[in-house]
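Enquirer: what follows is a protein structure lacking sequence information:
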């Protein structure tokens, strides 16, 4: 969701990467959210009312009058609710203070209410006991506030006006009286919009009726699945519509209904059918599209990106990546919705990764590039956690680098650690979990599924990759052993102090001198400067760390060294090092001189040969050589400073 095309200097530095139109689209995810805070109030202090736990919404009917030529809304919202308290005498809703409440009616009686800020506190005409139901209607009108990404937006296309809504994360109250909540989904809704006759409305669910009378058109949409408040949406302009269909094996069809601008009909008809292949893939990988009995749809709008309103994604265009991303949200974001904005990766990371899976399985030529571009983006800065610590800062919630790309790569690394079979089984089990389906989920609920199928704990993994910040920076040395196997010494430093060491299986690939032979190895890296013995079956001339981009990591130095008969005769550690090093040597190798050279062989410093510990914090990062001269020989060791 929420893909914003952005033009700012921090993005322009990446533009030379793009050689083809398709690769430009691949970078679309990198433009998602960095500037979204410019379109939103930088801070939002919205908090759910404590009284929200006193009632659940079971049905809402929205009757709206919308003329896209005029920035205005007039309507009546009827809410049916069930008491969760034994003495429910008043009820609260959210509505922007700038909108006018004409009246509130319960059982043909006008109710007394109090408005304080963006809250409406309503005194009921009778006290409800637990599990008792009732309803009330709020009549209101006015010019909505336009916070967020355009919670209520008037624009135009080809000279024709359009009004659309986009309520994520806190914008629903800007344009309708609602329970803006991540704890209570509305069980079902009806949306009825009346507009001048030349305009049509796209919305959630199934189009029940479309009638014209006295120059006005009324469109009635019905949705009979639980829906989070921020996913309710309307868009009104001179739409035409047509449908594509996914045929299922049992003879059923899933309708993909597209509301598009007349001037874009040819382009749209050429591109929306790709949704069929993507939906078919997601059905196979995860489970059947959750709203198959109604529809999936697209509605064009003018915001430069997309938003995954339930059953009807609002779309700026129909590029492959945008189509895949918004469709993926119907599973992860809509059917399963995050329970707190701190866990936004459950929406955005999942949708971003499913987009990657669409590349892997449908547009496979671009799978490697998708991985490379996301890793490059993530390691562009040293810190930042996928877990959102400050949900009042909307730019933190929708961090393209962290919530989207790193969130997606958290899943990719889980797949690497757990294996394909376990990973995809966990994904399907999570989707089928009745505790989260049609409801709200936390990160721990997903973790329970990946741990159950893998029969292992992922506490350390999530501590490092979800709550922690940064990524590992790897260095490696490799050399033949006496038996002509290969010894690999793998080291890492962390880009951020919050994680001391990332315990991960690290993929490496080795090649012979002509690259005609190669071999892959999985090094389970649990401690720094860890040594591994592998048997490639050929003389190794080159080693690459993570050539297929399984990890969020950076490879700093890979050094080839020669076989040493007795490595204990001269050793330098730790290697790589940060500030201090130690040297050790056998009694037979008493040093006469100890020299420090840079990578180009230039002498930097004569070290005191009678000492064994040295502070080299003054050196810049890079490769160096420690040379030990004895009366009989010269020994050298390559070292790396981070």
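Expert: Alright, I've got the coordinates. The structure displayed is predicted, hence computed values, not measured ones.
Enquirer: how near is residue 67 to residue 405?
Expert: 41 Å (CB to CB, to the nearest Å). Yep, even glycine has a C-beta here, placed from its N, CA and C like the rest.
Enquirer: same question for residue 73.
Expert: Remark: distance between residue 73 and residue 405 (CB to CB) = 36 Å.
Enquirer: what is the neighbour count of the nearest residue to residue 46 once chain neighbours are set aside?
Expert: Excluding the flanking residues, the one nearest residue 46 by CB to CB, 6 or more residues apart in numbering is residue 170, at 4.4 Å. Counted with other CB atoms under 10 Å, residues neighbouring residue 170 total 25.
Enquirer: residue 170 against residue 94, yeah?
Expert: No. Applying CB atoms under 8 Å as the test, residue 170 and residue 94 come out as separate, 9.1 Å apart.
Enquirer: now for the two: what residues contact both?
Expert: Counting by CB atoms under 8 Å, 6 or more residues apart in numbering, the shared contacts of residue 170 and residue 94 are residue 180.
Enquirer: and residue 191, how far from residue 310?
Expert: 11 Å.
Enquirer: neighbour count for those two, which is higher?
Expert: Ranked by neighbour count (other CB under 10 Å), residue 191 and residue 310 place residue 310 first, with 29 against 22.
Enquirer: sec struct for the more buried one, please.
Expert: In three-state terms, and counting by DSSP: H, G, I helix; E, B strand; the rest coil, residue 310 is coil.
Enquirer: please renumber the chain so that the first residue is 44 from this point on.
Expert: Okay, using 44 as the starting number, the last item reads as residue 353.
Enquirer: phi and psi next, for it.
Expert: Main-chain dihedrals, residue 353, degrees, to the nearest 10: phi -60, psi 120.
Enquirer: can you tell me how far it is from residue 621?
Expert: Using CB to CB, residue 353 is found at 50 Å from residue 621.
Enquirer: by contact count, what packs against the biggest helix by length in the chain?
Expert: Secondary structure of the chain read by DSSP state H shows that its longest helix is helix 388-404. In terms of contacts (3 or more CB pairs under 8 Å, 6 or more residues apart in numbering; DSSP states H and E), helix 388-404 is packed against helix 317-328, helix 363-372, strand 379-381, helix 410-421, helix 450-461, helix 486-497.
Enquirer: among those, which is nearest residue 585?
Expert: With CB to CB as the criterion, residue 585 lies closest to helix 410-421 of the helices and strands packed on helix 388-404, at 18.9 Å.
Enquirer: and residue 264, what pLDDT?
Expert: Looking at residue 264, its pLDDT reads 98.
Enquirer: check which element follows whichever strand or helix holds it along the chain.
Expert: Per DSSP states H and E, residue 264 falls inside strand 259-266. Next in sequence after strand 259-266, counting helices and strands by DSSP H and E, comes strand 277-280.
Enquirer: in the next helix or strand after that next one, what counts as buried?
Expert: For strand 277-280, the following helix or strand on the C-terminal side (DSSP H and E) is strand 283-290. Buried residues in strand 283-290, counting neighbours by 16 or more other CB atoms under 10 Å, are found at 287, 289.
Enquirer: what strands line up against strand 283-290, and which way round?
Expert: If you go by DSSP bridges, strand 283-290 pairs up with strand 296-303 (antiparallel).
Enquirer: need the phi and psi values for residue 231.
Expert: Per-residue torsions, residue 231: phi -160, psi 160 (degrees, to the nearest 10).
Enquirer: once you drop chain neighbours, what's closest to residue 560?
Expert: residue 581 (4.7 Å).
Enquirer: the one you found contacts residue 556, correct?
Expert: No. The pair residue 581 / residue 556 is not scored as a contact, 9.3 Å apart, by CB under 8 Å.
Enquirer: quick one, which of the two is more surrounded?
Expert: Between residue 581 and residue 556, counted using other CB under 10 Å, the more crowded position is residue 581 (16 against 11).
Enquirer: for the more buried one, which three-state class applies?
Expert: The three-state label given to residue 581 by three-state DSSP is coil.
Enquirer: which residues does residue 255 bridge with?
Expert: Residues in a beta bridge with residue 255, per DSSP bridges, are residue 260.
Enquirer: run a quick neighbour tally on it.
Expert: When neighbours are defined as other CB under 10 Å, residue 255 has 9 of them.
Enquirer: now swap in residue 431 and tell me
Expert: 20.
Enquirer: ok, the closest residue to it other than its chain neighbours to residue 353 distance?
Expert: Spatial nearest neighbour of residue 431, chain neighbours left out: residue 385 (4.6 Å); criterion: CB to CB, 6+ apart. Distance, residue 385 to residue 353, by CB to CB: 22 Å.
Enquirer: how about residue 307?
Expert: Using CB to CB, one gets 24 Å for the distance from residue 307 to residue 353.
Enquirer: and residue 637, by the same measure?
Expert: Distance, residue 637 to residue 353, by CB to CB: 69 Å.
Enquirer: can you check residue 518 too?
Expert: According to CB to CB, residue 518 stands 48 Å off from residue 353.
Enquirer: could you do residue 271 as well?
Expert: 8 Å.
Enquirer: now for the two: what residues contact both?
Expert: Contacts common to residue 271 and residue 353, judged by CB under 8 Å, 6+ apart, are residue 377.
Enquirer: higher neighbour count, residue 116 and residue 448?
Expert: Taking other CB under 10 Å, residue 116 and residue 448 do not tie; residue 448 has more neighbours (29 against 22).
Enquirer: before we move on, the earlier item: kindly confirm my reading that the residue nearest to residue 431 is in a strand.
Expert: No. Residue state for residue 385 (three-state DSSP) corresponds to helix; a strand is not indicated.
Enquirer: sweet, I'm off.
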